[in-house]
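A.B. asks: here you go, sequence then predicted model.
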Amino acid sequence: MVKILSLGGSIVAPDGVDTAFLKKFKTLVEAYLAKDPERKLILVIGGGAPARVYQKAFREIEPNAPADVQDWIGITATRLNAQLVKSIFGDLCKDPVVTDPSADISFTGKTVVNLSNIVKVYSDDPKKNPDAKPLDKINWIDFQKIVGTEWVPGKNVPFDPIAAQKAKELALDVIVAGGKDIENIGNILEDRPYIGTLICP
């Protein structure tokens, strides 16, 4: 069974690189994989602070900054973070960082875990609505009503709208959980009770 861990850039590099977290994450992943040679993980890494800092700098210099150019700046930051995470695993991760979004990556199993600075999906934006409630489970249709259907560079949502649409089409289950809670990540990987939100068809 392959599990996909989407590690938000806000976890890898919330300001500078969070080396204390990465050490704990490395230990967790190594222990998880060592238990069964059939276990495999695909790691997807976000851009975090480096992406937002450079996008903001570009907007300050170029007020009418094109969205696609901002996206490429963010993509470059994700590749830098991805190369760092790949490197800390040494021989466990021999494959190069995948930079081609159309690359054919074949795997079985459909467990996607989205780890970020968001512990659960809320019924509304809790920063704007004090009555917003944390959710244990939500379907893709209702989730899209919360996050919308359009992507804006630097947008901070539990799971981006374009990915949400694709996940809906593929009928995927996605778990949204806090990325800093190492014990909780371990619970998710081992299929034990966890804190987070299940987004499903």
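C.D. replies: All right, it came through fine. Residues are numbered from 1 along each chain as shown.
A.B. asks: hey, where'd the strands end up in this structure?
C.D. replies: Assigned by DSSP state E, the chain shows strands spanning 2-7, 40-45, 111-116, 137-139, 173-178, 197-200.
A.B. asks: any chance of those in TSV with mean neighbour count, mean pLDDT and distance to Val69 as columns?
C.D. replies: Every residue, glycine included, has its C-beta placed from N, CA and C. Below are the strands of the chain laid out as TSV (neighbours: other C-beta atoms under 10 Å; pLDDT from 0 to 100; distance: least, C-beta to C-beta, whole Å):
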stretch	mean neighbour count	mean pLDDT	distance to Val69
strand 2-7	20	91	24
strand 40-45	17	93	21
strand 111-116	22	91	24
strand 137-139	15	96	33
strand 173-178	20	95	29
strand 197-200	20	96	30
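A.B. asks: Ala82: which of the ones you listed is closest?
C.D. replies: Closest approach to Ala82 among these (C-beta to C-beta): strand 40-45, 4.1 Å.
A.B. asks: relative to the closest one, what are the paired strands and their orientations?
C.D. replies: strand 2-7 (parallel) (DSSP bridges).
A.B. asks: report the angle between the strand it pairs with and strand 173-178.
C.D. replies: Here strand 2-7 points in a direction 40 degrees away from that of strand 173-178 (axes from the mean of the first three to the mean of the last three C-alpha atoms, to 10 degrees).
A.B. asks: below-threshold pLDDT in the protein: ranges please.
C.D. replies: Counting by pLDDT under 70, the low-confidence segments of the chain come to 105-109, 153-156.
A.B. asks: now the helices for it?
C.D. replies: Here the chain has its helices, by DSSP state H, at 9-12, 19-34, 48-61, 67-88, 140-147, 161-169, 182-189.
A.B. asks: so which elements touch the fifth one?
C.D. replies: If I follow you right, that is helix 140-147. Contacts defined by 3 or more C-beta pairs under 8 Å, 6 or more residues apart in numbering; DSSP states H and E place helix 140-147 against helix 161-169, strand 197-200.
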